[in-house]
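Colleague: here you go, sequence then predicted model.
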Amino acid sequence: MHGILWILLFLMIIIVVVSAAVYTLLYLRSSPIPAERADIQFVSGADSSAAGASIGTNGTFVSFNSMAGWPNATRIYEDAVGIKNFDTSSRTIELKFYSWSGSTSNIEYIYVKIFDSTGTQQGSTVVVGTTDSSSGQLTIPANATWRVQWEIKWAAGAKSTDSVSVTLQLIVSGE
(Lines give C-alpha, C1' and ligand atoms only; values in the text may rest on other atoms or scores of the structure.)
Protein backbone atom coordinates (compact mmCIF):
# COMPACT_ATOMS: atom_id res chain seq x y z
CA MET A 1 0.00 0.00 0.00
CA HIS A 2 2.84 2.32 0.86
CA GLY A 3 4.36 1.72 -2.60
CA ILE A 4 1.09 2.67 -4.32
CA LEU A 5 1.06 6.05 -2.52
CA TRP A 6 4.59 6.75 -3.76
CA ILE A 7 3.59 5.86 -7.32
CA LEU A 8 0.52 8.12 -7.13
CA LEU A 9 2.63 10.98 -5.71
CA PHE A 10 5.20 10.47 -8.50
CA LEU A 11 2.46 10.55 -11.17
CA MET A 12 1.00 13.74 -9.68
CA ILE A 13 4.42 15.43 -9.83
CA ILE A 14 4.82 14.40 -13.48
CA ILE A 15 1.34 15.74 -14.32
CA VAL A 16 2.08 19.08 -12.61
CA VAL A 17 5.43 19.45 -14.41
CA VAL A 18 3.96 18.51 -17.79
CA SER A 19 0.94 20.81 -17.37
CA ALA A 20 3.25 23.76 -16.66
CA ALA A 21 4.21 23.69 -20.36
CA VAL A 22 0.61 24.10 -21.53
CA TYR A 23 -0.23 27.57 -22.79
CA THR A 24 -2.56 29.35 -25.15
CA LEU A 25 -1.54 31.94 -27.72
CA LEU A 26 -3.64 35.06 -28.23
CA TYR A 27 -3.02 37.55 -31.02
CA LEU A 28 -3.42 41.29 -31.42
CA ARG A 29 -3.32 42.88 -34.84
CA SER A 30 -3.50 46.45 -35.96
CA SER A 31 -3.66 47.28 -39.62
CA PRO A 32 -3.00 49.72 -41.08
CA ILE A 33 -0.69 51.81 -38.91
CA PRO A 34 -0.04 54.93 -40.98
CA ALA A 35 2.74 57.49 -40.57
CA GLU A 36 1.39 60.87 -39.50
CA ARG A 37 2.80 64.37 -39.61
CA ALA A 38 4.29 65.20 -36.20
CA ASP A 39 2.34 67.92 -34.36
CA ILE A 40 5.49 69.00 -32.50
CA GLN A 41 8.56 69.56 -34.66
CA PHE A 42 12.03 71.04 -34.46
CA VAL A 43 12.42 74.13 -36.66
CA SER A 44 15.37 76.38 -37.45
CA GLY A 45 16.26 79.08 -34.96
CA ALA A 46 18.38 82.22 -35.29
CA ASP A 47 21.51 80.35 -34.10
CA SER A 48 20.85 77.04 -35.86
CA SER A 49 23.54 77.72 -38.46
CA ALA A 50 26.15 78.69 -35.85
CA ALA A 51 25.29 75.55 -33.85
CA GLY A 52 25.47 73.35 -36.96
CA ALA A 53 21.86 72.24 -36.60
CA SER A 54 20.69 69.56 -38.98
CA ILE A 55 16.94 69.00 -38.71
CA GLY A 56 15.53 65.71 -39.99
CA THR A 57 13.07 65.60 -42.90
CA ASN A 58 10.03 65.32 -40.63
CA GLY A 59 11.24 67.73 -37.94
CA THR A 60 11.37 64.95 -35.34
CA PHE A 61 15.16 64.86 -34.97
CA VAL A 62 17.89 67.47 -34.75
CA SER A 63 21.64 67.10 -34.40
CA PHE A 64 24.25 69.79 -33.82
CA ASN A 65 27.80 69.50 -35.15
CA SER A 66 29.27 72.97 -34.56
CA MET A 67 28.62 73.71 -30.89
CA ALA A 68 31.78 74.53 -28.98
CA GLY A 69 33.04 76.53 -26.06
CA TRP A 70 36.19 77.98 -24.55
CA PRO A 71 37.77 76.90 -21.27
CA ASN A 72 36.61 79.02 -18.32
CA ALA A 73 34.12 80.98 -20.44
CA THR A 74 30.42 80.46 -21.22
CA ARG A 75 29.26 80.09 -24.84
CA ILE A 76 25.53 80.68 -25.31
CA TYR A 77 23.49 79.61 -28.33
CA GLU A 78 20.31 81.57 -27.55
CA ASP A 79 18.21 80.07 -30.34
CA ALA A 80 19.96 76.82 -31.33
CA VAL A 81 16.67 75.31 -32.51
CA GLY A 82 12.98 76.00 -32.21
CA ILE A 83 10.20 73.73 -31.01
CA LYS A 84 6.99 74.41 -32.94
CA ASN A 85 3.49 73.19 -32.16
CA PHE A 86 1.76 72.72 -35.53
CA ASP A 87 -1.42 71.47 -33.81
CA THR A 88 -4.60 73.54 -33.39
CA SER A 89 -4.59 72.84 -29.64
CA SER A 90 -1.94 73.09 -26.95
CA ARG A 91 0.41 70.14 -26.36
CA THR A 92 2.43 68.94 -23.38
CA ILE A 93 6.18 68.58 -23.87
CA GLU A 94 9.15 67.82 -21.64
CA LEU A 95 12.84 68.18 -22.45
CA LYS A 96 14.94 65.66 -20.54
CA PHE A 97 18.61 64.73 -20.18
CA TYR A 98 19.22 61.25 -21.62
CA SER A 99 22.96 60.55 -21.87
CA TRP A 100 26.40 61.95 -22.51
CA SER A 101 29.90 60.69 -23.15
CA GLY A 102 33.42 61.90 -23.82
CA SER A 103 35.49 64.31 -21.70
CA THR A 104 32.64 64.85 -19.24
CA SER A 105 34.96 65.50 -16.29
CA ASN A 106 36.29 68.61 -18.06
CA ILE A 107 32.89 70.28 -18.48
CA GLU A 108 31.94 72.78 -15.82
CA TYR A 109 28.34 72.80 -17.06
CA ILE A 110 26.00 72.51 -20.01
CA TYR A 111 22.58 74.03 -19.40
CA VAL A 112 19.66 73.71 -21.81
CA LYS A 113 16.68 76.04 -21.39
CA ILE A 114 13.39 76.58 -23.21
CA PHE A 115 12.01 80.09 -23.77
CA ASP A 116 8.62 81.18 -25.12
CA SER A 117 8.16 83.90 -27.75
CA THR A 118 8.21 86.65 -25.08
CA GLY A 119 11.62 85.54 -23.82
CA THR A 120 10.31 83.98 -20.60
CA GLN A 121 11.98 80.73 -19.55
CA GLN A 122 9.52 77.85 -19.47
CA GLY A 123 10.09 75.18 -16.84
CA SER A 124 13.38 74.21 -15.25
CA THR A 125 16.88 74.27 -16.65
CA VAL A 126 18.04 70.89 -17.96
CA VAL A 127 21.44 70.21 -16.41
CA VAL A 128 23.39 67.92 -18.73
CA GLY A 129 25.00 65.08 -16.78
CA THR A 130 22.40 65.11 -14.01
CA THR A 131 20.23 61.99 -14.00
CA ASP A 132 16.52 62.77 -14.50
CA SER A 133 17.21 66.49 -15.09
CA SER A 134 14.19 67.83 -16.96
CA SER A 135 12.37 70.98 -17.96
CA GLY A 136 9.28 69.48 -16.33
CA GLN A 137 6.04 69.14 -18.26
CA LEU A 138 5.29 72.28 -20.24
CA THR A 139 2.20 73.28 -22.19
CA ILE A 140 3.09 74.79 -25.56
CA PRO A 141 0.15 76.67 -27.11
CA ALA A 142 -1.24 75.92 -30.56
CA ASN A 143 0.90 77.31 -33.39
CA ALA A 144 3.56 78.58 -30.94
CA THR A 145 7.30 78.34 -31.52
CA TRP A 146 9.60 78.23 -28.51
CA ARG A 147 13.39 78.49 -28.65
CA VAL A 148 15.95 76.16 -27.10
CA GLN A 149 19.04 77.78 -25.57
CA TRP A 150 22.32 75.96 -24.86
CA GLU A 151 24.91 77.32 -22.39
CA ILE A 152 28.29 75.57 -22.48
CA LYS A 153 31.18 76.17 -20.08
CA TRP A 154 34.34 74.08 -20.20
CA ALA A 155 36.49 73.85 -17.06
CA ALA A 156 39.60 76.07 -16.90
CA GLY A 157 41.88 73.07 -17.55
CA ALA A 158 40.01 71.80 -20.63
CA LYS A 159 42.11 71.23 -23.74
CA SER A 160 41.23 71.69 -27.40
CA THR A 161 41.25 67.89 -27.75
CA ASP A 162 38.37 67.53 -25.25
CA SER A 163 34.84 66.95 -26.51
CA VAL A 164 31.53 65.57 -25.33
CA SER A 165 28.44 64.12 -27.00
CA VAL A 166 25.04 64.86 -25.47
CA THR A 167 21.62 63.29 -26.07
CA LEU A 168 18.40 64.87 -24.83
CA GLN A 169 14.82 63.63 -25.27
CA LEU A 170 11.83 65.77 -26.17
CA ILE A 171 8.82 63.93 -24.79
CA VAL A 172 5.44 64.81 -26.31
CA SER A 173 2.45 63.67 -24.24
CA GLY A 174 -1.18 63.24 -25.08
CA GLU A 175 -0.97 61.82 -28.58
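Modeller: Right, received. Where do you want to start?

Colleague: now the helices for this protein?
Modeller: Under the criterion DSSP state H, the chain contains helices at 2-19, 48-51.

Colleague: mean pLDDT for these: which is lowest?
Modeller: If you rank those by mean pLDDT, helix 2-19 sits at the bottom with a mean of 61.

Colleague: give me the helix or strand of the protein that scores worst on average pLDDT.
Modeller: helix 2-19 (a mean of 61; mean pLDDT, DSSP states H and E).

Colleague: next one: residue 154 from residue 77, what distance?
Modeller: 15 Å (CB to CB, to the nearest Å). Every residue, glycine included, has its C-beta placed from N, CA and C.

Colleague: dihedrals phi and psi, residue 86?
Modeller: phi -80, psi 0 (degrees, to the nearest 10).

Colleague: what about the nearest residue to it once chain neighbours are set aside, neighbour count?
Modeller: Leaving aside its sequence neighbours, residue 86 sits nearest to residue 39 (CB to CB, 6 or more residues apart in numbering; 5.5 Å). Neighbour count of residue 39, defined by other CB atoms under 10 Å: 17.

Colleague: give the contact list for residue 39.
Modeller: Residue 39 is in contact with 85-87, 91, 172, 175, counting by CB atoms under 8 Å, 6 or more residues apart in numbering.

Colleague: what's the neighbour count on the closest residue in space to residue 154 that isn't next to it in sequence?
Modeller: Leaving aside its sequence neighbours, residue 154 sits nearest to residue 71 (CB to CB, 6+ apart; 4.7 Å). Residue 71 is flanked by 15 other residues according to other CB under 10 Å.
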